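> coords below, sequence missing:
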C-alpha cells in the first residue's frame with residue numbers, strides 16, 4: 001500500500017474516533033555526546049520529518065492522548081510531559097495534505113497543543129509506526145539540514161525557548177543524566193540547553209548551593225587526568241525544588 005492510500009484508508013475511521021480541529025505534538029528532548037537531541041519521525045508520505053504527535057480520541061483526556069500517541073507512533077513510554085504552547089496559524093497543517101481533496105480528515109484546520117519532556121536518550125528506544133519510515137533521535141545541530149513538516153520547526157524552537165526559561169527556576173537533569181555523573185557533565189548539559197559556555201567556577205558553586213546534588217564517595221576512573229568526583233541527585237531535595245522552585249540559583 002502506498003503512503004497516500006494509507007491516509008485515505010485511515011481518514012474515514014479517524015472521523016469517528018478523533019475530535020476534529022485539535023491535535024497535540026510532543027517535543028521529547030534527549031542528551032547525548034554533550035548535545036541535545038529531539039525525537040522525530042520520518043513519514044512515508046513526503047519523506048519529511050515531524051514530531052510524533054497526532055489526534056485526540058473523543059473518549060480520552062488530553063494527557064492520556066499524548067502518552068498514547070508517543071507509545072503508538074514512536075514506541076516509547078513517557079510518563080510526564082509539560083504543556084508549553086498552542087499553535088494555530090491558518091494553513092499550518094493543511095498544505096501538507098495538498099495532494100488530497102477536502103474530505104480527508106487530516107486536511108481540515110488543526111490547532112495543536114505542544115508538550116515537552118526531558119529523557120535520557122539511552123533509555124528510550126524508538127520504533128516507527130506503520131505510517132513512518134523511521135523514528136530517530138536527531139541532534140538539534142542537525143535540524144537546519146533536514147526538512148521538517150508543517151510548523152514543527154517552530155514548535156521545537158518554542159519548546160527549547162521554554163526549556164531555557166524554566167532552567168532558571170526549576171532543576172534540570174534528573175531524566176537526562178546517568179544515575180552517577182560528574183560536575184563537568186552537568187555543566188555540559190546546561191550549556192547544551194542554554195546554547196552558550198558557562199564559567200566553570202561560578203557554575204560549580206551555584207549548582208552545589210542548590211542542594212539537589214549528593215556527592216558520592218567514588219570517582220570516575222580511566223581518564224588521563226585526576227579522576228573527577230561522582231555525584232547523584234538527591235531525590236527528595238530535587239522533588240522539593242521542582243515543586244517550590246530554586247532559591248539559590
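Perfect, I can see it now. As the structure is a computational prediction, the values presented were derived from the model and not from experiment.

> sheet-wise, list the partners of the lengthiest strand in the chain with their directions.
When the chain is parsed with DSSP state E, its longest strand is strand 18-32. Sheet partners assigned to strand 18-32 using DSSP bridges are listed as strand 35-43 (antiparallel), strand 54-57 (antiparallel), strand 111-118 (parallel).

> can you redo those as CSV with mean pLDDT?
What follows is the strands paired with strand 18-32, written out as CSV (pLDDT from 0 to 100):
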stretch, mean pLDDT
strand 35-43, 95
strand 54-57, 96
strand 111-118, 96
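
> buried ones in the longest strand of the chain, by neighbour count?
Residues of strand 18-32 classed as buried under the neighbour-count rule (16 or more other CB atoms under 10 Å) are 18, 22-31. Where you see a C-beta, it was placed from the backbone N, CA and C, and this is true even at glycine.

> can you redo these as JSON lines with distance to residue 55?
Shown next, in JSON lines, are these (distance: CB to CB, whole Å):
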{"residue": "18", "distance to residue 55": "4"}
{"residue": "22", "distance to residue 55": "8"}
{"residue": "23", "distance to residue 55": "5"}
{"residue": "24", "distance to residue 55": "8"}
{"residue": "25", "distance to residue 55": "11"}
{"residue": "26", "distance to residue 55": "13"}
{"residue": "27", "distance to residue 55": "17"}
{"residue": "28", "distance to residue 55": "18"}
{"residue": "29", "distance to residue 55": "23"}
{"residue": "30", "distance to residue 55": "25"}
{"residue": "31", "distance to residue 55": "30"}
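
> and the helices in the chain?
Using DSSP state H, the helices of the chain run over 3-17, 62-74, 152-166, 183-194, 200-209, 235-244.

> can you redo those helices as TSV with mean pLDDT, mean neighbour count and distance to residue 45?
Below are the helices of the chain laid out as TSV (pLDDT from 0 to 100; neighbours: other CB atoms under 10 Å; distance: least, CB to CB, whole Å):
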stretch	mean pLDDT	mean neighbour count	distance to residue 45
helix 3-17	79	14	4
helix 62-74	95	19	14
helix 152-166	95	18	15
helix 183-194	94	18	32
helix 200-209	92	13	45
helix 235-244	87	14	39
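
> of those helices, which is nearest residue 109?
helix 3-17 (14.8 Å; CB to CB).

> for the closest one, packing partners?
strand 54-57 (3 or more CB pairs under 8 Å, 6 or more residues apart in numbering; DSSP states H and E).

> which residues does the residue nearest the centre of the chain bridge with?
Centroid-nearest residue in the chain, with CA atoms, centre = their mean: residue 28, separated by 1.3 Å. Applying DSSP bridges to residue 28 gives these bridge partners: residue 117.

> wait, it sits on residue 121?
No - the pair residue 28 and residue 121 fails to qualify as a contact (CB atoms under 8 Å) at a distance of 9.0 Å.

> do me a favour and get the end-to-end distance for stretch 118-125?
Counting by CA to CA, to the nearest Å, you get 14 Å between the two ends of stretch 118-125.

> pull the distance from that stretch to the chain's centre.
Between the centre of stretch 118-125 and the centre of its chain there are 10 Å (CA atoms, centre = their mean, to the nearest Å).

> other residues contacting that stretch?
Residues outside stretch 118-125 that contact it (CB atoms under 8 Å, 6 or more residues apart in numbering): 28-32, 37, 39, 75-76, 78, 137, 163, 172, 175-178.
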